[in-house]
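J.: Quick one, fold the following:
(one chain, ligands or ions: 2)
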Amino acid sequence: MDSKHSGSCLCGAVRFEVAGDFERFYLCHCAYCRKDTGSAHAANLFSSTATLTWLSGEDRVRVFNLPATRHRHCFCSTCGSALPELQMEGTLLKVPAGSLDTPVTLRPDAHLFGSSRASWDRVLETIPTWEKLP
Ligand SMILES: [Zn+2]
Ligand SMILES: [Zn+2]
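T.: Numbers count the residues shown, from 1 in each chain. Ligands and ions are numbered 1, 2, ... in the order given. Purely as a prediction, here's the structure:
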């Protein structure tokens, strides 16, 4: 049953492996996640049983803890890409879906913080899609 996933940052310095299954997949629209992703929402996979192993670049991994909140953002200090991290005193592994190089087969379970959704993030399926740059 145990799956293996691997991922990396944009510059390639940080590489990691996750052994085990994800239990939840959430799209978080809270103001903190919109800031630290620079986008409409974060897309994070969660597991209470999977293990994270850094294969390279662990020295570039930084964690920003927003004071007086539980919001944490883990990233590569060279390229800024979001990276996995252990939350809740090391009991919950959070993995940004976009950081994985292996396919994500889970479908997101839910949108979180729908009340903080960006004003432009509405019915986006109806705008045109270009397969590459227009
Ligand atoms: Zn990087
Ligand atoms: Zn959030």
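
J.: C-alpha from now on. contacts and neighbour counts both.
T.: Noted.

J.: For this protein, which residues are neighbours of ligand 1?
T.: By Cα under 5 Å from the ion, the residues of the chain that approach ligand 1 are Cys9, Cys11, Cys76, Thr78, Cys79.

J.: Check the gap between the third one and Tyr32 for me.
T.: By that I understand Cys76. Going from Cys76 to Tyr32 by Cα to Cα, to the nearest Å gives 18 Å.

J.: For the two, work out which one has more neighbours and name it.
T.: Between Cys76 and Tyr32, counted using other Cα atoms under 10 Å, Cys76 has the larger neighbour count: 23 against 18.

J.: what pairs with that one across the strands?
T.: Val61 (DSSP bridges).

J.: ok, it touching Leu83?
T.: Yes - with contacts counted by Cα atoms under 8 Å, Cys76 reaches Leu83, the gap being 6.9 Å.

J.: Next one, pLDDT for the residue nearest the centre of the chain please.
T.: Compute the mean C-alpha point of the chain, and by Cα atoms, centre = their mean the closest residue is Pro96, 1.5 Å away. At Pro96, the pLDDT value in this model is 98.

J.: Done for today, thanks.
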